[in-house]
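Q: fold the following, please.
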Amino acid sequence: MEYKLNISSLREMSPKLKAGDRVLLSGTVYTSRDAAHKRIAASIDKGENLPYDLKDAVIYYVGPTPAPENLPIGSCGPTTSSRMDVFSPLLLDNGLVAMIGKGPRNEDVCQAIERNNAVYFCAVGGAGALLAKSVKKCEVIAYEDLGCESVKKMEIENLPVIVAIDCNGGNLFKN
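A: Coordinates of the predicted model:
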């Protein structure tokens, strides 16, 4: 199937999405990679405020390049998602609805996706310049000291992704 979805409807739509579905995704996403995930997880453990509300949020695993003049962002292709596997179940259990990255996820993440009615999307690796065309706004909101790995709030429009792991047990990475 093909869908054109706003992030605000993902929680409702996730049970209908199946591994292999193509989606044009629009709305607000937050960028986060290894170092930011470590800080977010530590904040959850300590009961501290987070840089953004995890409830129904979407994280894009990306460390974009600097924005050229007159553009909101530089190249922004996905990074390997498995590096965030140690943190992802905690974030999913705290409200995260979706993740965007590339590559397979471990069994703990797959189980957390299922129990939280979430979804894991893959974006095409190596297509960062093309994916950047879907980013309409981008601003650093936390951990600026991490440079390209800082947490950014991005407004996207029609970001092309594929459902890689759905909340019903479908998984493109398993036979």
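
Q: can you give me the helices for the chain?
A: In the chain, the helices defined using DSSP state H lie at 10-13, 34-46, 88-93, 107-115, 128-132.

Q: quick one: neighbours of residue 171, just the number.
A: Using other Cβ atoms under 10 Å, residue 171 has 18 neighbouring residues. Every C-beta, even on glycine, is put in place using the N, C-alpha and C of the backbone.

Q: okay, and the beta partners of it?
A: Legend: beta-bridge partners of residue 171 under DSSP bridges are residue 165.

Q: contacting residues around it?
A: 19, 110, 164-165 (Cβ atoms under 8 Å, 6 or more residues apart in numbering).

Q: hang on, isn't residue 87 packed against residue 41?
A: Yes: judged on Cβ atoms under 8 Å, residue 87 makes contact with residue 41 at a distance of 4.8 Å.

Q: which of those two has more residues huddled nearby?
A: Between residue 87 and residue 41, residue 87 has the larger neighbour count (other Cβ under 10 Å), namely 21 against 17.

Q: can you tell me the closest non-neighbouring residue to that one?
A: residue 37 (4.1 Å; Cβ to Cβ, 6 or more residues apart in numbering).

Q: list the contacts of the one you found.
A: By Cβ under 8 Å, 6+ apart, the contact list for residue 37 reads 84, 87-88, 91.

Q: from these, which is closest to residue 114?
A: Nearest to residue 114 among the contacts of residue 37, counting by Cβ to Cβ, is residue 88 at 12.7 Å.

Q: burial measure for the residue nearest to residue 170 when sequence neighbours are not counted, as a count.
A: Counting by Cβ to Cβ, 6+ apart, residue 19 is the residue found nearest to residue 170 once chain neighbours are left out, at 3.3 Å. Using other Cβ under 10 Å, the number of residues around residue 19 comes to 18.
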